[in-house]
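A.B. asks: sharing a model prediction with you, sequence too.
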Amino acid sequence: MSEKMLQALNEQMNFELYSGYIYLQMASYADVEDYDGFANWLIHQAHEEYEHAMKFRTFILDMGGEPEWKAMEKPKAKYESLLEIFKAAYDHEVEVSSRIHKLVDLSREEDCKRSLSFLQWFVDEQLEEEVSTQEIVTKLERVQNSVQGLYMLNAQLNQRG
Ligand SMILES: [Fe+2]
Ligand SMILES: [Fe+2]
């Protein structure tokens, strides 16, 4: 595997962990506002991102590379609403998808069948991530500021576990 490919995979490994960091910060808002179900969902999301980073780590090691953890940017900390958070989460997942697709393009250019196969799981996963965050945005837009609606959604998101 080329050094270029390994570095691109390493960058994505770091970006997956950073994604989790963003979700952890979003969970703080939900917890402070007493939306424990939304916080639960976001914490689970952060765990998933950690698992994604670990998948990249294992693959890099399997391919003879040495995973390198980099400094992370401070995630945005000020949010005004759950809707703002989930819109940002959706936008973030779209950004992740585009990064995964670029990795797929690079694998093709490098004719690297192993990374192509490895990345396929992430291509599918990203579609799910976009769908699930967009679904929550739609529901939040529907309930708007109805306390009843927000609490029903909160109870629903508390079931993720
Ligand atoms: Fe991810
Ligand atoms: Fe994600």
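C.D. replies: Received the coordinates, thanks. Ligands and ions are numbered 1, 2, ... in the order given.

A.B. asks: can you name the residue of this protein nearest to ligand 1?
C.D. replies: Of all residues in the chain, His52 sits closest to ligand 1, at 3.7 Å by C-beta to the ion. Quick note: C-beta positions are derived from backbone N, CA and C, even for glycine.

A.B. asks: hmm, that residue is touching Trp121, no?
C.D. replies: No - using C-beta atoms under 8 Å as the test, His52 is too far from Trp121 to be in contact (9.5 Å).

A.B. asks: between these two, who's got more neighbours?
C.D. replies: Shown here are His52 and Trp121; by other C-beta atoms under 10 Å, His52 has more neighbours (23 against 12).

A.B. asks: please enumerate the helices of this protein.
C.D. replies: With helices called from DSSP state H, the chain shows them at 3-32, 36-62, 82-109, 113-143, 147-157.

A.B. asks: ok, for the residue of the chain closest to ligand 1, nearest residue in space, not its chain neighbours?
C.D. replies: Nearest residue to His52, sequence neighbours excluded (C-beta to C-beta, 6 or more residues apart in numbering): Glu16, at 4.0 Å.

A.B. asks: tell me the confidence at the spatially most distant residue from the centre of the chain?
C.D. replies: What lies farthest from the middle of the chain is Gln148; by C-alpha atoms, centre = their mean that is 28.4 Å. Gln148 carries a pLDDT score of 95 in this model.

A.B. asks: do the same with Val104
C.D. replies: 98.

A.B. asks: same check on Glu66?
C.D. replies: For Glu66, the model assigns a pLDDT of 98.

A.B. asks: cool, and His92?
C.D. replies: 98.

A.B. asks: what does Tyr21 give?
C.D. replies: pLDDT, Tyr21: 98.
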